[in-house]
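In: just the structure for this:
(one chain, ligands or ions: 1)
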Amino acid sequence: MATGKGLFGSSLARKYWMALTGLFLITFLIVHLAGNLQLILGGDDVKDSFNLYSKFMTTFPLIKIVSYLLYASIVLHAVDGIVLARQNAAARPTKYVKNNAGANSGWASRNMALLGLITLIFIIIHMKSFWYEMHFGSLDTYMIDGDEVKDLYSITVAAFEQLWYTILYVVAMTALGFHLWHGFQSAFQTMGWNHPQYTPIVKGVGKALSVIVCGLFAIIPIVIYLQQ
Ligand code: HEM
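Out: Sure, this is the predicted structure:
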């Protein structure tokens with residue numbers, strides 16, 4: 001319920017921000033997936049095309065602005081999620097031995113905070129491995145047609161040649177898949193975008209997206225691991 005604490009402080013405002021940032025993060029995921037599929041579909045000159053693509057994505061001014069929005073959205077989504085989960089836990093009167101929750105809501109919807117937390121831990125490890133290296137690390141560089149690029153491709157492939165790292169991604173993508181399974185349609189509901197005809201379609205699209213996007217994300221490290 002709104003407590004009149006303005007644009008960020010009330011729990012209603014937190015839910016709206018979670019919904020809006022969540023939808024933005026899903027949009028990022030689809031674009032990010034398309035870029036990363038190059039890793040397994042890229043053909044003979046995949047190293048050069050991936051490194052040129054990465055250079056463009058980290059230096060083109062408009063995309064840099066979108067990146068800052070992305071970092072802010074991740075932080076806002078995570079902080080609001082943690083605050084709301086703690087408020088919900090505190091508001092729960094007693095811990096029922098059997099609360100029949102399964103009859104009222106799906107497993108994913110009851111475990112959104114845990115699934116979100118696993119995803120957040122994944123994002124921190126993931127950004128340390130690639131984003132940090134790209135921006136602040138000391139990657140090898142080389143020239144492509146007079147253009148100096150950092151060799152992000154080689155450290156990305158090397159990371160997935162380790163079994164534990166590939167397993168980490170598959171586990172994290174499973175958690176993210178369940179998070180999106182409920183999260184996509186939940187965002188529409190929070191925003192009040194309900195419609196007798198379109199809501200079932202939104203639910204179907206959310207489920208399809210979670211399986212396809214997270215499934216393809218998980219396939220990338222598996223293929224690289226098996227191809228080494
Ligand atoms: C196979 C799966 C994935 C691969 C190979 C991959 C690869 C990469 C690489 C190479 C970068 C560094 C490029 C850069 O700095 O812009 C990056 C950045 C990033 N990745 Fe991933 N990624 C994967 C999945 C994911 C997933 C599932 C998420 C979110 C849940 C994610 C979130 C991010 C974020 C937030 C950044 C920073 C983007 C930016 O600076 O604009 N990635 N990823």
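
In: from here on, contacts and neighbour counts on C-alpha atoms
Out: Fine.

In: quick one: contacts for the residue of the chain found nearest the ligand?
Out: When distances are taken as CA to the nearest ligand atom, the chain reaches nearest to the ligand at W131, 3.7 Å away. For W131, no residue meets the contact criterion (CA atoms under 8 Å, 6 or more residues apart in numbering).

In: now do V211
Out: So V211 contacts 177, 181 (CA under 8 Å, 6+ apart).

In: can you tell me the element it falls in?
Out: Following DSSP states H and E, one finds V211 within helix 199-227.

In: what do you get for F184?
Out: In this structure, F184 sits in helix 163-190 according to DSSP H and E.

In: tell me the mean pLDDT over that helix?
Out: Over the span of helix 163-190, the pLDDT mean works out to 97.

In: just stretch 111-119 next, same as before
Out: On average, stretch 111-119 scores 97.

In: that one: which residues count as buried?
Out: Neighbour-count burial for stretch 111-119, counted by 16 or more other CA atoms under 10 Å, picks out 111-113, 115-119.

In: quick revisit: residues of the helix holding V211 that come out buried?
Out: Under the neighbour-count criterion of 16+ other CA under 10 Å, helix 199-227 has 202-203, 206-207, 209-211, 213-214, 216-222, 224-225 buried.

In: same question for stretch 45-62.
Out: Quick answer for stretch 45-62 (16+ other CA under 10 Å): 47-52, 54-55.

In: pretty sure I30 contacts V213?
Out: Yes: between I30 and V213 a contact is recorded at 6.9 Å, counting by CA atoms under 8 Å.

In: let's see the host helix or strand of N51 as CSV, backbone CA atoms only.
Out: Using DSSP H and E, N51 sits in helix 46-59. As requested, the backbone C-alpha atoms of helix 46-59 are provided in CSV (Å, rounded to 0.1, in the frame of the first residue of the first chain):
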residue,chain,number,x,y,z
VAL,A,46,34.2,-14.5,-35.1
LYS,A,47,37.1,-13.3,-33.0
ASP,A,48,37.4,-10.1,-35.0
SER,A,49,33.6,-9.5,-35.4
PHE,A,50,33.0,-10.1,-31.7
ASN,A,51,35.9,-7.8,-30.6
LEU,A,52,34.7,-5.0,-33.0
TYR,A,53,31.1,-5.4,-31.8
SER,A,54,32.3,-5.2,-28.1
LYS,A,55,34.3,-2.1,-28.9
PHE,A,56,31.3,-0.5,-30.5
MET,A,57,29.1,-1.4,-27.5
THR,A,58,31.5,0.1,-25.0
THR,A,59,32.4,3.2,-26.8
